[in-house]
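Participant: pasting the structure only:
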């Protein structure tokens, strides 16, 4: 019951936070730059397939080994998944960089392409951090601590909003990419500690 209620609260509050964030971004960086940011994130997110379902399957194995009271095995499962996803997605992201660059060159007007290409490496790093975070959040789900995961995700959304409000007006798109990296890194640390 707590897990379900916390999920509803987290989703509702996250919608509100996103509404405030996008309203702020539209006024501070403008529609064109927000569109570039969205295209870069959407294009680079295609590489999420490289986690091979490990982030989702971690839930089953953590729950199974916790039911058997084998905490050492739980730790081993999570560590193996983190190392595997870290390496596999790292290689996939590096290999996909020239392809994503080529795709962006085809869909983004040449007069703003340099902006998109400047933030692409940061978007890929932020995505890599997000994929690693998914492992630890899957571990929390396997422990039936979705409430803790939801608190972390809500705090991450608030932190991202604050970072964007600080960095976007001064650094524009690069500020958004810095905010994304810092936010995803903080979420990774919080999820790992939990």
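Facilitator: That came through, no problem. Only a predicted model underlies this, so the values are computations on that prediction, with no experimental measurement involved. Numbers count the residues shown, from 1 in each chain.

Participant: wouldn't residue 144 be in contact with residue 3 here?
Facilitator: Yes - counting by Cβ atoms under 8 Å, residue 3 is a contact partner of residue 144 at 6.8 Å. Every C-beta, even on glycine, is put in place using the N, C-alpha and C of the backbone.

Participant: center of this protein, which residue is that?
Facilitator: Residue closest to the average C-alpha location in the chain (Cα atoms, centre = their mean): residue 130, at 3.2 Å.

Participant: Quick one: list the elements packing against the lengthiest helix in the chain.
Facilitator: Ordering each helix of the chain by length in residues (DSSP state H) puts helix 146-193 first. If contacts are counted by 3 or more Cβ pairs under 8 Å, 6 or more residues apart in numbering; DSSP states H and E, helix 146-193 sits against helix 2-28, helix 31-45, helix 113-142.

Participant: out of those helices, nearest to residue 183?
Facilitator: Distance to residue 183, taken as Cβ to Cβ, is lowest for helix 113-142 among the helices and strands packed on helix 146-193, at 7.9 Å.

Participant: chain center to that closest one: distance?
Facilitator: Distance, stretch centre to chain centre, for helix 113-142: 4 Å (Cα atoms, centre = their mean, to the nearest Å).
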